[in-house]
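Student: Below: sequence and its predicted model.
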Amino acid sequence: MQRLYDFLRRHPTGVDSFWAVLLFGLNGLAIAEETVGRQGKITALAVSVPLCLVIALRRRAPVKMLLLATVAGVAQLVLDSEQQLADFAMLVIIYTVASGPVRWASRYALIGGLLAPLIATLRWGGNAGQSVSDHIIGTVFMTVPFVLAWVLGDSVRTRRAYWAQLEERAGRLEKEREQQGRMAVAAERARIARELHDVVAHNVSVMVVQADGAAYVLDASPEQAKQALETISGTGRQALAEMRRLLGVLRTEEGGEGGEYVPQPDVEQIGELVEQVRGAGLPVDFQVEGAPRPLPSGVELTAYRIVQEALTNTRKHGGPDAGASVRLTYFDDGLGLLVEDDGRGAQHELYESGGVDGMGHGLIGMRERVGMVGGTLDAGPRPGGGFRISALLPIKPSR
C-alpha cells in the first residue's frame, strides 16, 4: 500500500488525468440522457473538453488552467450551454490556485467563484418561474461550494507555508548548532594550545638552563651537576604529566580512552613553581598579601599561567644576574598579580610578538587568558630596567 501511495505522489499529473477521463465519461453519460437536441449535446461536450483538461493539468500549470476555465465558462454562457457535471472542474481549479503561491491568481479565483453563481442565475434562472427570494437563496447556496473550495485551498497554502517556515527554522537552528560546535572545538583547541605552550615553554626552559649548568660544573662540582640532573628529571616528569592531561582530553573526545589525568594548576601551586624556578638558579621573592580563599578554577589557572609565563621570560631575557619578585594580593572582589624583574629584558615588540625566538605567544597569550576571566593586564618595561606584569583577576566575570 505504501508503494502505491509513493507512486501516486511521484505522478500527480497521471492521477489528475485519470480523474479527468473519469469526469469526462460521467459527464458524457449525463449529456446523453438529457432531452436537449443534438446540437446542444455537441456544444455541451465541446465545453466539457477544456474543463476536463483543467482537471488533468491543474497542478502542472495552475494559473493557465484557471484562465482556461474562465474561457470555458464564458463559452458556456455565450453558447447557452447550461450547467453540467464538468463544471466541477471550476471548484477544483479554485482550490488548486488558492493553495498555490500566486496571490493575484488566488484573488482572481475567489472573485470568479463569487460571480459565477450569480451570472449562472441571471443567465439560466429567468424562466424558472421562481420568486426573487428563491433566486437569491439558490444563488447563495451555489456560492457556498466555491467559497468553501477557496477557503480550503487557502488554509492548505497557509499550512504549507507554516511547515516550510518550521523546516527553515529547524535547518537554521541545526546550522547554528553546528557552527557553535565548531566554535567550541576551535576555542578548546586554542585553550589546549595555550596550555601546551605554557607547559613546554616553562619546563623546557628550566631543563635547558639546568642542562647548561650541569655541563658547566660536571667536572668541577659533580654534586651540583647531579642536583641539576635531578631537577631536569623532575621537570620533565611534570611536563609529561601536564601534557598527558591535555592530550588525554583530545583522546577522550575522539572516543578512545583518556590518559592519566592530573589536577589543573592553581594558586596554591605558585609557591611550588617559585621553588622550582629558584632551584633553576633564578632568585625570586614571593609574597602573599590578604587572606587566601578559594577562587574560581579559571581564575586560579590564569594566575598560575601568568606567573609561569612571566618567570619563564625572565630567565630567557633577563640575563645572568636577573632577579624577580612575585606578589599575590587577595582583594574582596578579585586577585591581584604583580611580577617584576630587574634584568635587562627584551624589546617590548619582540616580547609581545612571541619573544626573541618568535615561537611563543608572549603578552598575546596572557591577554587572552586574562580576557577570558574578565580581568585586566598591564605589562611593559620598568623605569630603570627590567620588566613588570600586573594583572587584576575578578572573582566574578564582568558582564
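Tutor: Alright, I've got the coordinates. Residues are numbered from 1 along each chain as shown.

Student: on contacts alone, who are the packing partners of the strand or helix carrying residue 143?
Tutor: Element membership for residue 143, per DSSP states H and E: helix 132-217. Packing partners of helix 132-217 (3 or more CB pairs under 8 Å, 6 or more residues apart in numbering; DSSP states H and E): helix 88-98, helix 103-124, helix 222-253, helix 297-317, helix 362-372. All C-beta spots, glycine's among them, are computed from the backbone N, C-alpha and C.

Student: Contact partners for residue 32?
Tutor: residue 41 (CB atoms under 8 Å, 6 or more residues apart in numbering).

Student: Can you check the pLDDT for it?
Tutor: For residue 32, the model assigns a pLDDT of 83.

Student: So it versus residue 42, what's the distance?
Tutor: Distance, residue 32 to residue 42, using CB to CB, to the nearest Å: 12 Å.

Student: cool, residue 110 as well?
Tutor: For residue 110 relative to residue 42 (CB to CB), the value is 33 Å.

Student: Neighbour count for the two, which is higher?
Tutor: Set residue 110 next to residue 42 and count neighbours by other CB atoms under 10 Å: residue 110 wins out with 20 against 13.

Student: Measure how buried the residue nearest to that one when sequence neighbours are not counted is and give me the count.
Tutor: Spatial nearest neighbour of residue 110, chain neighbours left out: residue 150 (4.9 Å); criterion: CB to CB, 6 or more residues apart in numbering. Close neighbours of residue 150, defined as other CB under 10 Å, add up to 24.

Student: Hmm, residue 111 and residue 150 touching each other?
Tutor: No - using CB atoms under 8 Å as the test, residue 150 is too far from residue 111 to be in contact (9.8 Å).

Student: Report the contact partners of residue 376.
Tutor: So residue 376 contacts 370, 391, 392 (CB under 8 Å, 6+ apart).

Student: quick one on the thing from earlier: any idea which of the helices and strands packed on helix 132-217 gets closest to residue 163?
Tutor: helix 88-98 (17.1 Å; CB to CB).

Student: Which secondary structure elements does the closest one sit against?
Tutor: When contacts are defined as 3+ CB pairs under 8 Å, 6+ apart, helix 88-98 packs onto helix 38-56, helix 62-78, helix 103-124, helix 132-217.

Student: now these as a markdown table including mean pLDDT and distance to residue 278?
Tutor: Putting these into a markdown table (pLDDT from 0 to 100; distance: least, CB to CB, whole Å) gives the following:
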| stretch | mean pLDDT | distance to residue 278 |
| --- | --- | --- |
| helix 38-56 | 87 | 94 |
| helix 62-78 | 90 | 86 |
| helix 103-124 | 87 | 81 |
| helix 132-217 | 81 | 11 |
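
Student: what's near enough to touch the residue most central in space within the chain?
Tutor: Nearest residue to the geometric centre of the chain (CA atoms, centre = their mean): residue 176, 0.7 Å. Residues near residue 176 by CB under 8 Å, 6+ apart: none.

Student: any idea what sits nearest residue 215, other than its immediate chain neighbours?
Tutor: That would be residue 225: by CB to CB, 6+ apart, it lies 7.9 Å from residue 215.

Student: pretty sure that neighbour is touching residue 214, no?
Tutor: Yes - using CB under 8 Å, residue 225 is in contact with residue 214, at 4.3 Å.

Student: returning to what we had before: now the residue nearest to the centre of the chain: how far from residue 121?
Tutor: Residue 176 is 58 Å from residue 121, by CB to CB.

Student: next one: residue 304
Tutor: Taken as CB to CB, the span from residue 304 to residue 121 is 92 Å.

Student: Relative to residue 321, how far out is residue 52?
Tutor: From residue 52 to residue 321 the distance is 105 Å (CB to CB).

Student: Got phi/psi on residue 324?
Tutor: Dihedral pair for residue 324: phi -140, psi 160, per degrees, to the nearest 10.

Student: Wait, it touches residue 317, no?
Tutor: No - taking contacts as CB under 8 Å, residue 324 lies outside contact range of residue 317: 11.5 Å.

Student: So which of these two has more stuff around it?
Tutor: residue 324 (26 against 19).

Student: Quickly list what that one is bridged to.
Tutor: residue 284, residue 341 (DSSP bridges).

Student: Next, the contact list for it, please.
Tutor: Residue 324 neighbours (CB under 8 Å, 6+ apart): 277, 282-285, 310-311, 314, 318, 339-342.

Student: Could you give me the PyMOL syntax to select whichever of those are buried?
Tutor: In PyMOL, a selection of the buried entries from these looks like this (16 or more other CB atoms under 10 Å):
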select buried, resi 277+282+284+310+311+314+318+339+340+341+342
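
Student: returning to that earlier point: which one (most neighbours) among the contacts of residue 376?
Tutor: Neighbour-wise, those (other CB under 10 Å) top out at residue 391, 25 neighbours.

Student: Residue 135 and residue 118 touch, don't they?
Tutor: No - in this structure residue 135 lies outside contact range of residue 118 using CB under 8 Å: 9.7 Å.

Student: mind checking the SS state of residue 378?
Tutor: strand (DSSP: H, G, I helix; E, B strand; the rest coil).
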